[in-house]
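Enquirer: Quick check, what structure comes out for this input:
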Amino acid sequence: MGASQATFRNNFDFLRILFASFVIISHSYHLLDPLSKDPVSKFIAHTDLSTLGVFGFFVLSGYLIAQSQQNAATVSGFLKKRFRRIMPGLIVAVALVVFVMAPLLTTWNIGTYFASAKVYTYFFKTTFFLPTDNLLPGVFERNPLPYINGSLWTLRYEVLCYFSMCSFFIFRQQQRLYAIIVFGLLFVLRSLHIQGMLPVAQGLDGHLGNLLNLSYCFYAGVLLKNCEAWVLKYKRTICLVSFALLLASNLLPLQVERSLFLAVFPFFVLSAGLLYLKILQVPATIGDISYGTYIYAFPIQQALIGTGISDVYLLIGLSLLGSWTAGFFSFHFVERKFLSRYKIGQK
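Expert: Here you go, the predicted model:
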């Protein structure tokens, strides 16, 4: 069954699956028509579901990684756990796409495909979080967008957040204060960036925005973990107040609306995740399939589009089923073997 029931005294695993599904739904619209967004973006701060899904991932990640850091005796031990969590699943997923799926789908001769240096460059760069054009020879070239996996770009920011957490080992005696300072700094920088008040080269503006937004969400989780006693005591109040602010943000001018919504969103996510609901504990039975779902979804969607699927609802349904299935196999046959939380034989 995986971990003990006590491991699942929150809704985090369910929320991660939900957020991965948000990304799949949003990408279904965009991959069929690059100029379109999912309908939810018209109502929620003009922010699409994929953005909310990624932000939600980073909030929960910050909380859980802060917990991992607090439990780790050394920096090397902490980083080893992070490596074991993210790398095995990623390497297998990229290898399956590059060396199994792509050769079956490429318009190139298979021998020519495997002779291309681009195949191995893509595999190397993707597994080491290096920028790539996200293309493979002859693969998905007839799709509206030809990209192989447009979701993996977030992992480099996740890894940067992991490394930044190493600084918390220096401030073990003042971790709460340090978390407040880092979060406050990110809040100010993010606000200045939204207002266009940070001098940055135009080509780097998008990267800086991603870094600040995702780091802000991550460190919101870190902050709340370091204030856990207070958060657990007032989680219902935090949930209600943050939800009210999210609703109120829709009454404000667009730029203020987006700024407030994305500032408050992490607090709603985390407080909602801590309001334990037994009905949401499906991952306690099937395992945490969220990571596998996320890293396999995009190429699965592209493959489905390549077969001629053009109806967005059919694409969403098949993509969800295919990605959840891939996530299940990834977790049980790859990821689980490297996670102490899910040691084989644990009751």
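Enquirer: Please give the element, helix or strand, for residue 157.
Expert: Using DSSP states H and E, the element containing residue 157 is helix 153-164.
Enquirer: Tell me which residues are up against that helix.
Expert: 54, 57-58, 61-62, 65, 79, 82, 86, 90, 129, 210-211, 214-215, 218-219 (C-beta atoms under 8 Å, 6 or more residues apart in numbering). Where you see a C-beta, it was placed from the backbone N, CA and C, and this is true even at glycine.
Enquirer: 6 Å instead?
Expert: 54, 82, 129, 214, 218 (C-beta atoms under 6 Å, 6 or more residues apart in numbering).
Enquirer: heading toward the C-terminus, what's the first helix or strand past it?
Expert: Assignment by DSSP H and E places the next element after helix 153-164 at helix 175-194.
Enquirer: Contacts made by that following helix with the rest, please.
Expert: Helix 175-194 is contacted from outside by 168, 171, 198, 212, 215-216, 219, 222-223, 226, 259, using C-beta under 6 Å, 6+ apart.
Enquirer: ok, so of those, who is nearest residue 232?
Expert: Of all those, residue 226 has the smallest distance to residue 232: 12.5 Å, by C-beta to C-beta.
Enquirer: Could I get the buried residue list for the helix holding residue 157?
Expert: Within helix 153-164, the residues that count as buried by 16 or more other C-beta atoms under 10 Å are 153-159, 161-162.
Enquirer: how about those in a markdown table, adding distance to residue 47 and pLDDT?
Expert: Listed next are these as a markdown table, based on distance: C-beta to C-beta, whole Å; pLDDT from 0 to 100:
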| residue | distance to residue 47 | pLDDT |
| --- | --- | --- |
| 153 | 18 | 96 |
| 154 | 15 | 96 |
| 155 | 21 | 96 |
| 156 | 22 | 95 |
| 157 | 17 | 96 |
| 158 | 20 | 97 |
| 159 | 24 | 96 |
| 161 | 21 | 97 |
| 162 | 25 | 97 |
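Enquirer: Need those residues in JSON lines (columns: distance to residue 320).
Expert: Formatted as JSON lines, the buried residues of helix 153-164 follow (distance: C-beta to C-beta, whole Å):
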{"residue": "153", "distance to residue 320": "21"}
{"residue": "154", "distance to residue 320": "19"}
{"residue": "155", "distance to residue 320": "21"}
{"residue": "156", "distance to residue 320": "26"}
{"residue": "157", "distance to residue 320": "25"}
{"residue": "158", "distance to residue 320": "23"}
{"residue": "159", "distance to residue 320": "27"}
{"residue": "161", "distance to residue 320": "27"}
{"residue": "162", "distance to residue 320": "28"}
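Enquirer: Which members of those residues are the farthest-apart pair?
Expert: Greatest spatial distance among these (C-beta to C-beta): 153 and 162, at 15.9 Å.
Enquirer: for the stretch 201-347 of the chain, what spans make up the helices?
Expert: In the stretch 201-347 of the chain, the segments counted as helices under DSSP state H, counting those that start in this stretch are 202-226, 228-233, 235-249, 254-274, 283-286, 290-306, 312-333.
Enquirer: Of these, which stretch is the most buried?
Expert: Among the helices of the stretch 201-347 of the chain, helix 290-306 has the highest mean neighbour count (mean count of other C-beta atoms under 10 Å), at a mean of 24.
Enquirer: outside of that one, which residues touch it?
Expert: Contact partners of helix 290-306, identified using C-beta under 6 Å, 6+ apart, comprise 16-17, 20, 24, 27, 31, 89, 93, 97, 140, 143, 149-151, 315, 318-319, 322-324, 326-327, 330-331.
Enquirer: now the angle from it to helix 312-333?
Expert: In terms of direction (axes from the mean of the first three to the mean of the last three C-alpha atoms, to 10 degrees), helix 290-306 departs from helix 312-333 by 140 degrees.
Enquirer: okay, the angle between helix 290-306 and helix 153-164?
Expert: Going by the same axes, to 10 degrees, helix 290-306 makes 160 degrees with helix 153-164.
Enquirer: before we move on, back to that, which of the contacts of helix 153-164 lies closest to residue 101?
Expert: Nearest to residue 101 among the contacts of helix 153-164: residue 129, at 20.8 Å, using C-beta to C-beta.
Enquirer: Just give the closest residue to the closest one, not the sequence neighbours.
Expert: Spatially, and ignoring its direct neighbours in sequence, residue 129 is nearest to residue 156 (3.9 Å; C-beta to C-beta, 6 or more residues apart in numbering).
Enquirer: For that neighbour, give its distance to residue 125.
Expert: 11 Å (C-beta to C-beta, to the nearest Å).
Enquirer: repeat for residue 214
Expert: From residue 214 to residue 125 the distance is 20 Å (C-beta to C-beta).
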